[in-house]
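Peer 1: Just to be clear, the model below is a prediction. Sequence and coordinates:
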Amino acid sequence: MVNTGQKYSLDRDCMTLSRHVLQQLQSFGPEAQDLSAIMGRLALAGKLIARHLSSAGLMEGVLGFTGSTNVQGESVKKIDEYANRVFISVFEQSGLVCRLASEEMDKPYYIPENCPIGRYSLLYDPVDGSSNSDINLNIGSIFSIRQQEGMDEDGQARDLLQNGRKQLAAGYILYGPSTMFVYSLGTGVHAFALDPSLGEFILSRENIQIPESSSTYSVNEGNFWQWDESVRDYIRYVHEQEGYTARYSGALVSDFHRILYQGGVFLYPGTVKKPQGKLRLLYETAPLAFLVEQAGGRASTGETEILDVVPEKLHERTPLIIGSKENVALVESFVQQGTRASQEAVTK
Ligand code: P6P
């Protein structure tokens, strides 16, 4: 006879990602099975990347730069290239995902054998925060699943240029002391931890709710000279308040994960060099905005909800203010006050 404690731990170890997806959708129908299988393949991608990272310091040719530059104008690291390929490989011969759009690829990548059947598109940042990879600090992968609408004959993927509320699912994989898989299908945000002994992501926290407010703010203050005066006023404000704490890791997924669990706000405003900010909408800010709204938080450009932004191009960037409702609203109040002052100055 299995005792209560054993039954609990057995039930817990059996709450795998693919089972949880079916439970969330309350269906065993074809679409539910597809999404469950897609999550399973994304989990495999996470395990492959985590394994590669764990031995990176011991193997030749894993760390460092490839010598090439991506569509973003950024130097590509070997881990970026490897991770990008992993996501493609896990979906080949899957019949699930027809098209992949990645931070690392100028245009979407098609998997022809999947296209007649698989009507889903995967948008992803294969390695977010890759500057941390060579120094063994947290990095992540971010993903978003959308329905492919139409046959996309000319390969321009215009159906991807829609707002973030069209996302079917979104999430991230955090490569930290443990590897975590966090996702939402629009029915709450759920976190799984990789059990290396099982090779499975096991449910660790369900229906995560972000605190309404917190004293943590996360921003690269080295960009202070490049910000609008309104953002500088917000930073001056938090500097003058007792109790605020600054936390910034250089990896969006890592900073977002802290805020999802403990509350606070992450911001990457527009700068002189990048007026629209550095972060990309379709595979960075929109997926995280989807998650944070599901967790009771908010994500804004400072003027507009991130999920309402309609991109004009695949690699569109947006400013990002994301986290606890009250913290986001406070940053917005400074930004919008600045916008009003600028408009009044123009009309004088
Ligand atoms: P900065 C990593 O390159 C990234 O895209 C995000 O993960 C991170 O939050 C941000 O850029 C860091 O940018 O300009 O502060 O180094």
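Peer 2: Sure thing, it's come through. Residues are numbered from 1 along each chain as shown.
Peer 1: For stretch 21-38, measure first residue to last.
Peer 2: Length of stretch 21-38, first residue to last, CA to CA, to the nearest Å: 10 Å.
Peer 1: Quick check: phi and psi at Glu212.
Peer 2: Taking degrees, to the nearest 10, you get phi -60, psi -30 for the backbone angles of Glu212.
Peer 1: meant to ask about Ile173, not that
Peer 2: Dihedral angles (degrees, to the nearest 10) for Ile173: phi -120, psi 130.
Peer 1: Now do the contacts for Ile49.
Peer 2: Ile79, Tyr82, Ala83, Val86, Pro126, Val127, Ser141, Ile173, Tyr175 (CB atoms under 8 Å, 6 or more residues apart in numbering). Using the backbone N, CA and C atoms, a C-beta is placed for each residue, glycine as well.
Peer 1: Just give me the least confident of those.
Peer 2: pLDDT across the contacts of Ile49 is lowest for Ile79, at 91.
Peer 1: Report the buried residues of the helix or strand harbouring that one.
Peer 2: Using DSSP states H and E, Ile79 maps to helix 78-91. Neighbour-count burial for helix 78-91, counted by 16 or more other CB atoms under 10 Å, picks out Lys78, Ile79, Asp80, Glu81, Tyr82, Ala83, Asn84, Val86, Phe87, Ile88, Val90, Phe91.
Peer 1: Name the nearest residue to the fifth one, ignoring sequence neighbours.
Peer 2: Okay, so that is Tyr82. His52 (6.0 Å; CB to CB, 6 or more residues apart in numbering).
Peer 1: Can you get me a residue count around that neighbour?
Peer 2: 18 (other CB atoms under 10 Å).
Peer 1: before we move on, back to that, the ligand: which of the contacts of Ile49 is nearest?
Peer 2: Closest approach between those and the ligand, by CB to the nearest ligand atom: Val127, at 8.9 Å.
Peer 1: Would you mind pulling up the elements that the helix holding Ile79 packs against?
Peer 2: helix 30-54, strand 65-69, strand 97-102, strand 120-128, strand 139-147 (3 or more CB pairs under 8 Å, 6 or more residues apart in numbering; DSSP states H and E).
Peer 1: The second one pairs with which strands, parallel or anti?
Peer 2: Right, strand 65-69. Looking at strand 65-69 with DSSP bridges, its partner strands are strand 75-77 (antiparallel).
Peer 1: hmm, the partner strand in reach of the ligand?
Peer 2: No. Strand 75-77 does not reach the ligand (CB under 6 Å from any ligand atom); its nearest approach is 10.2 Å.
Peer 1: as a whole number, average confidence for that strand?
Peer 2: 84.
Peer 1: Over to stretch 51-70?
Peer 2: Over the span of stretch 51-70, the pLDDT mean works out to 84.
Peer 1: ok, and the closest non-adjacent residue to Tyr124?
Peer 2: Phe143 (4.5 Å).
Peer 1: Which residue does the stretch 101-250 of the chain have closest to the ligand?
Peer 2: Proximity of the stretch 101-250 of the chain to the ligand (CB to the nearest ligand atom) peaks at Asn220, 3.4 Å away.
Peer 1: surely that residue meets Arg247?
Peer 2: No. Here Asn220 does not reach Arg247: they are 11.5 Å apart, not a contact under CB atoms under 8 Å.
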